[in-house]
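1. Give me a model of this one.
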Amino acid sequence: MSHPTDVDELKTDEHDVHVHDVETEAPGLEDGLEVDQAYLNSSRWTRFFRGTLFQMFLFGALSFCGPAMSDAISGMGGGGLETPYTANIANAISYGMSCAMTLFGGPLVNKLGIKWACVIAGTLFPLDGSAYYVNSKYGTQWYLIFDAVVGGIGGGFLYVAEATAMLSYPKPEERGKYLSIWVSMRNSGQIIGGIVDLANNIGRATAGAVAVSTYLIFVAFECLGLPTALVLSPTSKVRRSDGTRVPSSADQSWAAEFVALAKHLKSKRSLLMVIPAFYSFFYGGVFTTYLSLHFSTRSRALSAFITPVGTIVLVSIYGHVIDNKRWTQKKRAWVGLAFWAVPQACVFIWMGIIYHLYTTGSLMSTDIDFYNNSNVWAKTYLPYWIMQCFGYACQLYMYWILACFTTDVKASARTGGLFRCFETLGQSISYAINSHNGNKTIQLYINIGVFVVMLVPMSILIRMVPDEAAAIDDVVNDVAEVPPAMKAQVALAHEPTAL
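-> Now for the predicted structure:
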């Protein structure tokens, strides 16, 4: 007599999950979501493999292999090249391409699926490190621009896919924890990159390019992105810790997807998110250029290591703060905003003073080294470090507050795609205005101006935060007309449930 495998144990009759069979008061519902008893009764390995926790680790691993390696290269200041301007042009093009892709990312990811969008992105990861290697060793710039275009499109697929998962996969009370895991794993990749960078460049106390061999190690890590993406589970097979499915509205035609996207684009919530999303990583071009122009090679290498260490500690604390069950969702939104906005405001004041001292010649402004000029290094590097660490807290917060409105997968793809579109637009413009030699004080003041303006729509958005997130696309559908149990089940009629 044959015994069923773990997968066989999880197979259920797809006809048992039609929308009309789901009753509001039916047994096996948890907070209006159907509990998959087959999943709960399966082996520990299957529960782990299909669970949201493991999926979050895989998304973190993808960020480790791709964006983290890119951030580690950027964290060296100017991509580790002798001057930052070529790298800034490439980054501006890359984020510009990502912006164009993510604008339509919601429909694309909804049709392709989160897993296969990540497979496309993972395939293109190695282009980044190899492009910097070729440029640094041979002076070949066309490959760097080619990577910026193609890699930017691939990055757009990842941005929308991971944003969709971050907004919809976790249970509401675990959202901050899972987001902090994702950010921490992304920064753990930067730690490894920082160690590699520091080990290869520890003897370089002057300005200049980093060792060429540094890039080859980054390429090796980037090659792990594709196999990691292939391990991801399709969304229909992912289960939360309590056995509930990830809420998902029904599949739609391409035309219907773009109609839904248009509704999201015109919604008050999306319009209010334009400037906050634009601001969230705008500091990247401003502050990495600052690091490249004013600090020694080994100080930049040290920065690539200590910045992600600080970020991991900070976001781990932050995740617990915004998951505090004793506060209402709206109060957590206000506290979460103050957590990163106040330190960033202080940094902007600090940086204004530093640039004034640079201008007057009262402070050393080139080749600042953590060993040879430790006092000056501490004064001038600390604001950069604070901004980088709290910048990721800002990013985590943006995802968290968007997930306060809806956890539906299809809605999250549309919302997440638009958010990443505006975010990458800000990054593209930030690197573009820092791609030429000139007075960098102007770019700092632009960053400050965007920060101040951002606080207005952010405050209005917080006032709109509901007590509980909807389990359907609340922009496309009228929440009041959908029965509670049906909100999360409308996609199950046409999806097989075998895991």
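2. What lies in contact with stretch 265-277?
-> With contacts defined as Cβ atoms under 8 Å, 6 or more residues apart in numbering, stretch 265-277 is touched by 264, 398, 402, 405, 415, 418-423, 426, 450, 453-454, 456-458, 460-461, 464, 475. Using the backbone N, CA and C atoms, a C-beta is placed for each residue, glycine as well.
3. 7 Å instead?
-> Contact partners of stretch 265-277, identified using Cβ atoms under 7 Å, 6 or more residues apart in numbering, comprise 264, 398, 405, 418-419, 422-423, 453-454, 457-458, 460-461, 464, 475.
4. Helix, strand, or coil at residue 140?
-> Following DSSP: H, G, I helix; E, B strand; the rest coil, residue 140 is assigned to coil.
5. Pull out the buried members of the contacts of stretch 265-277.
-> With burial judged by 16 or more other Cβ atoms under 10 Å, the buried subset of the contacts of stretch 265-277 is 264, 398, 405, 418-419, 422-423, 454, 457-458, 461, 475.
6. Farthest-apart pair in these, please.
-> 454 and 475 (22.1 Å; Cβ to Cβ).
7. returning to what we had before: looking at the contacts of stretch 265-277, spot the one nearest residue 212.
-> residue 423 (31.6 Å).
8. How confident is the prediction for that closest one, by pLDDT?
-> At residue 423, the model reports a pLDDT of 95.
9. quick one: contacts for it?
-> By Cβ under 7 Å, 6+ apart, the residues touching residue 423 are 277-278, 280-281.
10. could you redo the last one with a cut-off of 8 Å?
-> Contacts of residue 423 (Cβ under 8 Å, 6+ apart): 159, 277-278, 280-281, 398.
11. show me the contacts for the residue nearest to residue 71 when sequence neighbours are not counted.
-> Leaving out its chain neighbours, the residue that sits closest to residue 71 by Cβ to Cβ, 6 or more residues apart in numbering is residue 190, at 5.3 Å. Contacts for residue 190 were tallied using Cβ under 8 Å, 6+ apart; they are 68, 71-72, 75, 304, 307-308, 311.
12. Check residue 103 too.
-> 417-418, 421.
13. Reformat the residues you listed as CSV; add secondary structure and distance to residue 116.
-> Supplementary listing: the contacts of residue 103 in CSV, determined by DSSP: H, G, I helix; E, B strand; the rest coil; distance: Cβ to Cβ, whole Å:
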residue, secondary structure, distance to residue 116
417, helix, 15
418, helix, 21
421, helix, 20
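14. which one of the residues you listed sits closest to residue 438?
-> Checking the contacts of residue 103 against residue 438 with Cβ to Cβ, the nearest one is residue 421 at 28.1 Å.
15. Tell me if I'm right that that closest one and residue 102 touch.
-> Yes - counting by Cβ atoms under 8 Å, residue 421 touches residue 102, with 4.2 Å between them.
16. If you count surrounding residues, which of these two has more?
-> residue 102 (30 against 25; other Cβ atoms under 10 Å).
17. what's that one in contact with, if anything?
-> 156, 159-160, 417-418, 420-421, 424.
18. element containing it?
-> Assigned by DSSP states H and E, residue 102 belongs to helix 85-103.
19. which stretches of the stretch 1-150 of the chain form helices?
-> Ranges of helices within the stretch 1-150 of the chain are 6-9, 37-40, 44-50, 52-65, 67-75, 85-103, 105-112, 114-124, 126-138, 142-168, based on DSSP state H, counting those that start in this stretch.
20. With distance to residue 215 added, can I get the contacts of residue 103 in a markdown table?
-> Converted to a markdown table, the contacts of residue 103 look like this (distance: Cβ to Cβ, whole Å):
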| residue | distance to residue 215 |
| --- | --- |
| 417 | 31 |
| 418 | 33 |
| 421 | 29 |
